[in-house]
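Enquirer: The following block contains a protein sequence and its predicted model.
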Amino acid sequence: MARWGFELRLVPVTSDGQVNLERLEDELGRDVLMLSIMAVNNETGVVHDWQEIDRLAGRTIVHTDAAQALGKLPKRPNLITLSSHKMHGPQGIGALLLRRGQQGGLRSGTLPTALCVGFGICCEVTQTSLADDLARIADLSEHLIREVRDLWPGAKRVGESCVDGIVCMQLPGADARHLLNSDAHGCSFDR
């Protein structure tokens, strides 16, 4: 956006990973064309307070990257981007959902048919199995959190409002070098 002459402003997050609503309100009080916020943070799983964001945004165009928000899409955004591979569909295709009547003749050009069909089937399968999948993922997340807390007393999940399936935890007293050098399959460690 900056290369097209738009000013880009970043709004910080609070210590629990939520968008700093006070700073957001300050920024939205200025001449703002569009607000773009991740629906769910892909590293922490934090879900933002969409009711308050909606109130603050007023008539501002709102975009959200909802790739991590399967089953938890906010209702407010004018523009929503999705990614097929985050729903176990094919890589290389996504979707931009526009509110009714906003397309204005926009079209992406020639589409890859096989990827479109794959994404469509993925959406159908997801729709039929979503409730069961979300319940299973919630159980797995709770189990992981319990196990980590048993291993590391004082371990704390980052964020108050988080999506299940993305678990980010603080491990007080853990040796960061040991964790970074460990071979924990499926885990990601950051300093």
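Expert: Perfect, I can see it now.
Enquirer: per-residue confidence at residue 116?
Expert: pLDDT for residue 116: 90.
Enquirer: distance between the helix or strand harbouring it and the chain's centre?
Expert: Using DSSP states H and E, the element containing residue 116 is helix 113-151. Distance, stretch centre to chain centre, for helix 113-151: 14 Å (Cα atoms, centre = their mean, to the nearest Å).
Enquirer: quick one: buried residues of that helix?
Expert: Within helix 113-151, the residues that count as buried by 16 or more other Cβ atoms under 10 Å are 115, 118, 119, 122, 133, 134, 137, 141, 145. The way it works is simple: take the backbone N, C-alpha and C, and place the C-beta from them, glycine included.
Enquirer: residues in contact with the fifth one?
Expert: Same thing as residue 133. residue 126 (Cβ atoms under 8 Å, 6 or more residues apart in numbering).
Enquirer: all helices for this protein, in order.
Expert: Under the criterion DSSP state H, the chain carries helices at the ranges 21-28, 50-57, 113-151, 176-181.
Enquirer: Please produce a markdown table containing those helices, extended by distance to residue 6.
Expert: Listed next are these as a markdown table, based on distance: least, Cβ to Cβ, whole Å:
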| stretch | distance to residue 6 |
| --- | --- |
| helix 21-28 | 14 |
| helix 50-57 | 17 |
| helix 113-151 | 30 |
| helix 176-181 | 38 |
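Enquirer: closest one to residue 13 among those?
Expert: Ranking the helices of the chain by proximity to residue 13 (Cβ to Cβ) places helix 21-28 first, at 9.3 Å.
Enquirer: Average pLDDT for that closest one, rounded please.
Expert: 93.
Enquirer: Output the contacting helices and strands for that helix.
Expert: On a contact count with 3 or more Cβ pairs under 8 Å, 6 or more residues apart in numbering; DSSP states H and E, helix 21-28 meets helix 50-57.
Enquirer: separation between residue 125 and residue 95?
Expert: 16 Å (Cβ to Cβ, to the nearest Å).
Enquirer: ugh, wrong one, I meant residue 137
Expert: Residue 137 is 22 Å from residue 95, by Cβ to Cβ.
Enquirer: Residue 26 too?
Expert: Relative to residue 95, and taking Cβ to Cβ, residue 26 is found at 32 Å.
Enquirer: of those two, who's got more company?
Expert: Neighbour count, other Cβ atoms under 10 Å: between residue 26 and residue 95, residue 95 has more, with 16 against 13.
Enquirer: OK, contacts around the residue nearest to that one when sequence neighbours are not counted?
Expert: Spatial nearest neighbour of residue 95, chain neighbours left out: residue 82 (4.6 Å); criterion: Cβ to Cβ, 6 or more residues apart in numbering. The neighbours of residue 82, taking Cβ under 8 Å, 6+ apart as the test, are 66, 67, 94, 95, 97.
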